[in-house]
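sharing a sequence plus its predicted fold:
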Amino acid sequence: MGLLSGSGDADRAEELCELARTDPDAAAAEADELRELLTSGDTDTRTAAADGLSHLAASHPDAVEPAIDRLLTRLEDGDASSRRRAADALVALADADPSAFGAWVETTTPYIEDDDPYVRATVANVLALVAADRPSNVTAAVEDLWTALVDPGDWDVRTFATGALADIAVRHPEEVVPAVEQTVSNAREPVPALQVAAVDLLAAVGAERPGVVDEEVDAVLASVAQDAPPAQRAAALLAIGRLGRAVPGGVPTALDTVVPALAADEGEVRRAAAAAYVTVVEKHPDVLPTDEGTRQRLWWLADEVDLPIEAVLDRLS
């Protein structure tokens, strides 16, 4: 079919969008038409087509993948709704099949500096999903992700960029070392998702490159583990466990938070503290206290967590 435009195309795009919501199997057979409707001169048509591809991506990513180039072009659309629905389709595809972006990372990455914060956050999310699946595919975007850590207008951009870098750090820690200083700053921000992502990044890169673990890293992990809301405290304790196992001398203040947290009111904090304790003591049995009170707290937690607490306590006897 040829290039489409006009109200009839808008009606058809809406029809296909609704079909994608209600019967994605049937809509998958019409994916080529949705792809062509993305190039319509009518904004409502483009918006509905992008929305339809977004709904289709979860169950039929193979039908949406050929539209990546046109969806990326739509990120420059002058209409905000069309632009943002295209962004939604890209992140839905990345969530369903991150490998689809293997050849598109360099084309996608520049949009992490787009003027629209929705687009910036969505592209950062795409990169995070790709990094979680295959970190090597995102190393070309590392410098742009460093820049996104200081995004002035949207916390989600910083959060997704941090998550992407944390996954890259597992395989390519040397690429992430320059991000540590800004990650420490972000870990101090009282933004729940950002704090969780930041302490995870510090643990990921610090476990592989112990030289980056300094007094500032120690201090910020200790602060989050003691003073933040429960979810962030739990994340910080898990990070402390990873770093305490890799470089116990680098996080002495943070390690001091582990045993008190075994008696926290919140179950998720207690469980994270137990995980941190076991992670560290399995390798460094003399780093954390092994007094009777601590041992009793661990016994109480043995039924709450899937950890070798009993085996660790037997070794410490």
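That came through, no problem.

which one is the residue nearest the centre of the chain nearest to, not counting chain neighbours?
Per CA atoms, centre = their mean, the C-alpha nearest to the average position across the chain is that of residue 163, at 3.7 Å. In this structure, residue 163 finds its nearest non-sequential neighbour in residue 128, 4.3 Å apart by CB to CB, 6 or more residues apart in numbering. From N, CA and C alone the C-beta is placed, and that goes for glycine too.

check residue 118 too.
residue 84 (5.1 Å).

the stretch 151-300 of the chain: strands as residue ranges?
Assigned by DSSP state E, counting those that start in this stretch, the stretch 151-300 of the chain shows no strands.

hmm, residue 305 is touching residue 271, no?
Yes. Assessed by CB atoms under 8 Å, residue 305 is found in contact with residue 271 at 4.9 Å.

residues near the residue nearest to residue 163, how many?
Residues within reach of residue 128, counting by other CB atoms under 10 Å, total 26.

so it is in which element?
For residue 128, the host element (DSSP states H and E) is helix 117-133.

mind giving me the packing neighbours of that helix?
helix 80-96, helix 105-108, helix 142-148, helix 155-171 (3 or more CB pairs under 8 Å, 6 or more residues apart in numbering; DSSP states H and E).

how about 6 Å then?
helix 80-96, helix 155-171 (3 or more CB pairs under 6 Å, 6 or more residues apart in numbering; DSSP states H and E).

which other helices and strands contact the first one?
Counting contacts by 3+ CB pairs under 6 Å, 6+ apart, helix 80-96 is packed against helix 43-57, helix 61-64, helix 68-74, helix 117-133.

could the ones you listed go into a markdown table alongside distance to residue 101?
Conversion of the helices and strands packed on helix 80-96 to a markdown table gives the following (distance: least, CB to CB, whole Å):
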| stretch | distance to residue 101 |
| --- | --- |
| helix 43-57 | 12 |
| helix 61-64 | 11 |
| helix 68-74 | 7 |
| helix 117-133 | 5 |
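
deepest-packed of these, please.
helix 43-57 (a mean of 26; mean count of other CB atoms under 10 Å).

roughly how far is that one from the heart of the chain?
When distances are taken as CA atoms, centre = their mean, to the nearest Å, helix 43-57 is centred 25 Å away from the chain's centroid.
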